[in-house]
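Asker: return atomic coordinates for the entry below.
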Amino acid sequence: MLEQKFESGERLTSRGVPVIAGAIRSLGCADDADAAELIDQIARLEELKGTVAAAQARAAVAFAAKQRAEQRAAGLPAAQLGKGIAAQVALARQESPHQGSRHLGPRRWCMSCRTRWRHSTLGRSASGGPP
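Answerer: Purely as a prediction, here's the structure:
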């Protein structure tokens, strides 16, 4: 089922994430898996972790940009633009507002310049490389 979804070229949305998470939960549990398979799973999961972190950062930056645009369109004063965005990101990540601010700030900076992004940890993680 999961393979069919990706082979069809269907774009993954947030609804597909639980399906993928369910498939991943079974990894590392097979008693009959040999050592080579288990070490390969560890390596591939590390790559996946970087890719997921990069996707999450892109989503946070896109969310922040949309929220700022909505706030600007609503006539918020410049000093108030961006207020509450980090708290919403933190809530989605199940973290404190301070953590959300720390998560969003560096990613917004990295995403603002393609050159910086390509050479950043985020850029390496997005391609599945080590952070």
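
Asker: phi and psi next, for Leu27.
Answerer: Here is the backbone geometry of Leu27 (degrees, to the nearest 10): phi -70, psi 150.

Asker: center of the chain, which residue is that?
Answerer: Gln56 (1.5 Å; C-alpha atoms, centre = their mean).

Asker: what pLDDT is listed against that residue?
Answerer: For Gln56, the model assigns a pLDDT of 89.

Asker: mind checking which helix or strand of the chain has the lowest mean pLDDT?
Answerer: helix 114-118 (a mean of 48; mean pLDDT, DSSP states H and E).

Asker: coming back round to it: got a list of what the residue nearest to the centre of the chain touches?
Answerer: Neighbour list for Gln56: Arg93 [criterion: C-beta atoms under 8 Å, 6 or more residues apart in numbering]. Using the backbone N, CA and C atoms, a C-beta is placed for each residue, glycine as well.

Asker: which SS state does it fall under?
Answerer: helix (DSSP: H, G, I helix; E, B strand; the rest coil).

Asker: how far away is it from Asp34?
Answerer: Look at Gln56 and Asp34: by C-beta to C-beta, to the nearest Å, they are 32 Å apart.
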